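K.L.:
My questions concern the predicted model and sequence given below.
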Amino acid sequence: MAKAIMIQGTMSNAGKSLLAAGLCRIFKQDGYKVAPFKSQNMALNSFITDEGLEMGRAQVMQAEAAGIAPSVKMNPILLKPTNDTGSQVIVNGEVMGTMSARDYFAYKKKLMPKVMEAYNSLAEEYDIIVIEGAGSPAEINLKQEDIVNMGMAKAAGAPVLLVGDIDRGGVFAQLIGTVMLLEEEERQMVKGLIINKFRGDKTILDPGVAQLEERAGIPVVGVAPYLNIQVEDEDSLTDRFEGNQQVDLVDIAVIRLPRISNFTDFNPFESIPGVSLRYVKHVSELKNPDMIILPGTKNTMEDLLWMRQNGLESAILKEAAKGKIIFGVCGGYQMLGETLSDPHHVEAGGKIQGMGLLAMDTIFEEEKTRTRVHGTFCNVEGPLSGLEGIELEGYEIHMGESVLKDGVHAVTAIKDHVTGAQKQEGACQDNVYGTYVHGVFDKEKVAEKIVESIGLAKGLDVSGMTGVDFAEFKETQYDLLADGLRAHLDMKRIYEILEEGV
């Protein structure tokens, strides 16, 4: 069986996912077969495997760092929030149902056998498992039924590295307070502390580190720097949303919907020189973009009503009338149609008017479409006609089906990896485009051709505005992450912790 080590944090967004990915890369570089694992993930950023199963993107990112194909075994439980008090519960890649937070809290212990079945299957196949916790292990109101922090560490017999985020302040209180709130048995499992996201002169920090070790009785195994690594973020706590609002030569605005999902779809544009990718949630932030993207969402109808109420829908319609490119992906694509109907109460139920930019109607079905696809753009008209014939690949994950009317036609010809079926999907009407395919911009030529088309229309010199192969780019980022952590973590001690276990 594999040896295991677990990364837990003092809070959400302490950097657990990135540190786990970095350790996966380091162990891979050192010649080990390594896999990531997180028993329960809560995120709207999900991914579809080759088998058509759904999992959290954080473990996909970690699997990439480990150099292996992602599997739902790495994330057996995925919670996708539908509102403030409930989530869709996905077990081993398939939807089990929707539960309130209280109902799920009472039920989740029953899922532990499935969690351990997934974990043990990985442990038989790999040398090392890097386990990621969730939130904080010191949530005293949740500890009794825990299956993702200390409960998982005990089940796997995994020593724990506890991570605190110095960038948000109070890191010594974070770490010491967390340790103090653990039971004695749990404290004994914490074998090392990590201070994460440090910027500045470490010698100024050293006296605090010495006191931290003395008070906690646990060694500090590293002070990791704030690393500007471009890998995929897990959820809406991403720093990307608060990023630069400066407008570059080609300006792309992504509408920051309240329930935005799979915003990693747009990361490829960030690597193209001269392109600004801005996340916008108010009309005043929209400015004068060359292209507006409506992203995926966990609740299409409510997020459309949100845009309608805050004036963004009206502003987008005005930009569309000016000839600006409007591009919708998944839920954003559904919004662009004429009507959205929910007869089975998949979302809120009922029927509402869409934005009316595409002649189509969407009906929400009870069964979720989950598959990977590949193909080409076809029948592309308007300002993005240069996409014609360019290859694309990605995955579909949606509850609705859209029916096109006269005047609009499909914009992609793709093959379903799960069923093998060939089909045409998406829509194109004048300067408005939409598709159900997540990852549609990942292929180098797709994002590059879109930017080139916009640039040429504006009379810009686009010769230097080229993209990169996103898969190759991510590989360089994982290596940079590993190099940064090796330089600041005590890897000798971490290997000893791994060998000693609990």
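P.N.:
Arrived safely, thanks for sending. Numbering: from 1, shown residues only.
K.L.:
contacts, neighbours, all on C-alpha from now
P.N.:
Fine.
K.L.:
Output the below-cut-off pLDDT ranges for the chain.
P.N.:
233-244, 468 (pLDDT under 70).
K.L.:
Where is the longest strand in it?
P.N.:
Looking across the chain with DSSP state E, the single longest strand is strand 360-377.
K.L.:
Please state the offset of that one from the chain centre?
P.N.:
Distance of strand 360-377 from the chain centroid (Cα atoms, centre = their mean, to the nearest Å) equals 20 Å.
K.L.:
can you check stretch 27-46 too?
P.N.:
On Cα atoms, centre = their mean, the centre of stretch 27-46 falls 13 Å from the chain's centre.
K.L.:
Kindly report the same for stretch 409-425.
P.N.:
Worked out by Cα atoms, centre = their mean, stretch 409-425 lies 25 Å from the chain centre.
K.L.:
residues of it that come out buried?
P.N.:
For stretch 409-425, a neighbour-count test (16 or more other Cα atoms under 10 Å) marks His409, Ala410, Val411, Thr412, Ala413, Ile414, Lys415, Asp416, His417, Gln424, Glu425 as buried.
K.L.:
Tell me how far the last one lies from Val280.
P.N.:
As judged by Cα to Cα, to the nearest Å, Glu425 and Val280 stand 27 Å apart.
K.L.:
Could you do the second one as well?
P.N.:
To Val280, Ala410 is 28 Å away according to Cα to Cα.
K.L.:
repeat for the fifth one
P.N.:
Between Ala413 and Val280 the computed distance is 31 Å (Cα to Cα).
K.L.:
do the same with the fourth one
P.N.:
With distances taken as Cα to Cα, Thr412 is found 27 Å from Val280.
K.L.:
Identify each buried residue in the longest strand of the chain, please.
P.N.:
360-365, 370-377.
K.L.:
what do you get for stretch 302-313?
P.N.:
Of all the residues in stretch 302-313, those buried under the rule 16+ other Cα under 10 Å are Glu302, Asp303, Leu304, Leu305, Met307, Leu312, Glu313.
K.L.:
how about those, which pair is most distant?
P.N.:
For the buried residues of stretch 302-313, the maximum inter-member distance is 13.7 Å, found between Glu302 and Leu312 (Cα to Cα).
K.L.:
Correct me if wrong, but Leu205 is in a strand.
P.N.:
No: Leu205: not assigned to a strand; according to DSSP: H, G, I helix; E, B strand; the rest coil it is helix.
K.L.:
just to revisit the earlier point, now the buried residues of strand 360-377 as JSON lines including distance to Ile166?
P.N.:
Converted to JSON lines, these look like this (distance: Cα to Cα, whole Å):
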{"residue": "Met360", "distance to Ile166": "50"}
{"residue": "Asp361", "distance to Ile166": "49"}
{"residue": "Thr362", "distance to Ile166": "46"}
{"residue": "Ile363", "distance to Ile166": "47"}
{"residue": "Phe364", "distance to Ile166": "44"}
{"residue": "Glu365", "distance to Ile166": "45"}
{"residue": "Arg370", "distance to Ile166": "39"}
{"residue": "Thr371", "distance to Ile166": "40"}
{"residue": "Arg372", "distance to Ile166": "39"}
{"residue": "Val373", "distance to Ile166": "42"}
{"residue": "His374", "distance to Ile166": "43"}
{"residue": "Gly375", "distance to Ile166": "45"}
{"residue": "Thr376", "distance to Ile166": "46"}
{"residue": "Phe377", "distance to Ile166": "46"}
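K.L.:
out of those residues, who's nearest Asp248?
P.N.:
Closest approach between the buried residues of strand 360-377 and Asp248, by Cα to Cα: Phe377, at 27.1 Å.
K.L.:
The closest one bridge partners, please.
P.N.:
With DSSP bridges as the criterion, Phe377 is bridged to Thr412.
K.L.:
what comes into contact with the strand or helix carrying Val163?
P.N.:
Using DSSP states H and E, Val163 maps to strand 160-165. In this structure, residues lying in contact with strand 160-165 by Cα atoms under 8 Å, 6 or more residues apart in numbering are 5-11, 14-16, 153, 171-172, 174-175, 189-197.
K.L.:
quick one, helices of the stretch 251-400 of the chain?
P.N.:
Listed in chain order, the helices of the stretch 251-400 of the chain (DSSP state H, counting those that start in this stretch) span 283-286, 300-310, 312-321, 331-335.
K.L.:
Which residue ranges of the stretch 401-502 of the chain form strands?
P.N.:
Along the stretch 401-502 of the chain, counting by DSSP state E, counting those that start in this stretch, strands occupy 412-416, 422-425, 427-429, 432-435.
K.L.:
Next, the angle from the first one to strand 360-377.
P.N.:
Here strand 412-416 points in a direction 80 degrees away from that of strand 360-377 (axes from the mean of the first three to the mean of the last three Cα atoms, to 10 degrees).
K.L.:
Would you mind pulling up the elements that strand 412-416 packs against?
P.N.:
Packing contacts for strand 412-416, counted by 3 or more Cα pairs under 8 Å, 6 or more residues apart in numbering; DSSP states H and E, involve strand 360-377, strand 422-425.
K.L.:
do you know which of these lies nearest Ile128?
P.N.:
Nearest of the helices and strands packed on strand 412-416 (Cα to Cα): strand 360-377, 28.5 Å.
K.L.:
what's the neighbour count on the residue nearest to Glu270 when sequence neighbours are not counted?
P.N.:
Using Cα to Cα, 6 or more residues apart in numbering and skipping the chain neighbours, the partner closest in space to Glu270 is Leu277 (6.3 Å). As a burial measure, Leu277 scores 29 neighbours (other Cα atoms under 10 Å).
K.L.:
beta partners for Leu277?
P.N.:
Judged by DSSP bridges, the bridge partners of Leu277 are Ile252.
K.L.:
for the longest helix anywhere in the chain, packing partners?
P.N.:
The longest helix of the chain (DSSP state H) is helix 470-488. The contact analysis (3+ Cα pairs under 8 Å, 6+ apart) places helix 470-488 against helix 16-29, strand 220-225.
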